[in-house]
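I'll drop the sequence and a predicted model, then ask my questions.
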Amino acid sequence: MREADSSFSDADGLDMIEGFARVVAVEDGRIWLEPEVTASCGSCSSVGLCSIGKDAGAARKLAARRFELPGDLGLRVGERVVVGVRDDTLVKGAMTAYGIPLLTILAGGIAGQEWGGTDGMAALGALGGLITGLLIARVMANSLTARGILTPRFLRRSFDPPSDAGCHE
């Protein structure tokens, strides 16, 4: 049996990171899903940083993490499914969200220091670099989303074993 958050190849031969999600709404040809909190979420080293960890606001945080899948896949509300993203999606998303602004802050700070010669100009250059980097990151994220690169894919329905089932080989 495959574990959630593992890496497997999809039909295109691309490595996929898989996870479980529940169907929470079906409307107008779109399916809305919420990622499932797995048993490992409580023991994860990032439990304090993650927005879906188990705490009093977990339901509200999960609702904020809802995502949609287009198309009529024949799914019903409450159904458990396996979704996946390409493993390079995480790198592309992180570089877009963090790498671009970081590089533009550094470039702006260096440019401000070189042209102005003071710490104040370096700070203004860094601020300008941050604003520029955030705008570039927004445009790139919109482009990646429009091309479907950041969108999870429906892989299959999840098999829910009976509650009294044990491990079998």
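Great, that's in hand. Numbering: from 1, shown residues only.

just checking, next helix/strand downstream of the helix or strand of the chain with the lowest mean pLDDT?
The least trusted helix or strand in the chain, going by mean pLDDT, DSSP states H and E, turns out to be strand 7-9, with a mean of 46. Where DSSP states H and E defines the elements, the next helix or strand beyond strand 7-9 is strand 15-27.

the helices in the chain, which residues?
Per DSSP state H, the chain carries helices over the ranges 58-64, 87-94, 100-116, 119-146.

just so I know, which of those helices lies nearest G29?
Closest to G29 of the helices of the chain is helix 119-146 (C-beta to C-beta; 18.3 Å). Using the backbone N, CA and C atoms, a C-beta is placed for each residue, glycine as well.

Pull the contacting residues for the closest residue in space to L75 that isn't next to it in sequence.
Once flanking residues are discounted, L75 sits nearest to V23: 5.0 Å by C-beta to C-beta, 6 or more residues apart in numbering. Contact analysis of V23 by C-beta atoms under 8 Å, 6 or more residues apart in numbering lists I31, W32, L33, L75, R76, V77, G78, E79, R80, V81.

rewinding a little: need the helices of the chain in CSV (columns: distance to L155).
Putting those into CSV (distance: least, C-beta to C-beta, whole Å) gives the following:
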stretch, distance to L155
helix 58-64, 20
helix 87-94, 14
helix 100-116, 30
helix 119-146, 19
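
Could I get those helices in JSON lines, plus columns for mean pLDDT, mean neighbour count and distance to S158?
Formatted as JSON lines, those follow (pLDDT from 0 to 100; neighbours: other C-beta atoms under 10 Å; distance: least, C-beta to C-beta, whole Å):
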{"stretch": "helix 58-64", "mean pLDDT": "56", "mean neighbour count": "13", "distance to S158": "17"}
{"stretch": "helix 87-94", "mean pLDDT": "84", "mean neighbour count": "14", "distance to S158": "20"}
{"stretch": "helix 100-116", "mean pLDDT": "95", "mean neighbour count": "17", "distance to S158": "36"}
{"stretch": "helix 119-146", "mean pLDDT": "94", "mean neighbour count": "15", "distance to S158": "25"}
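
Out of those, flag the one nearest R157.
Across the helices of the chain, closest to R157 is helix 58-64 (C-beta to C-beta), at 20.2 Å.

okay, now the closest residue to V85 other than its chain neighbours: neighbour count?
Nearest non-adjacent residue to V85, counting by C-beta to C-beta, 6+ apart: P152, 5.2 Å away. Counted with other C-beta atoms under 10 Å, the neighbours of P152 add up to 22.

Right, I'll call it a day here.
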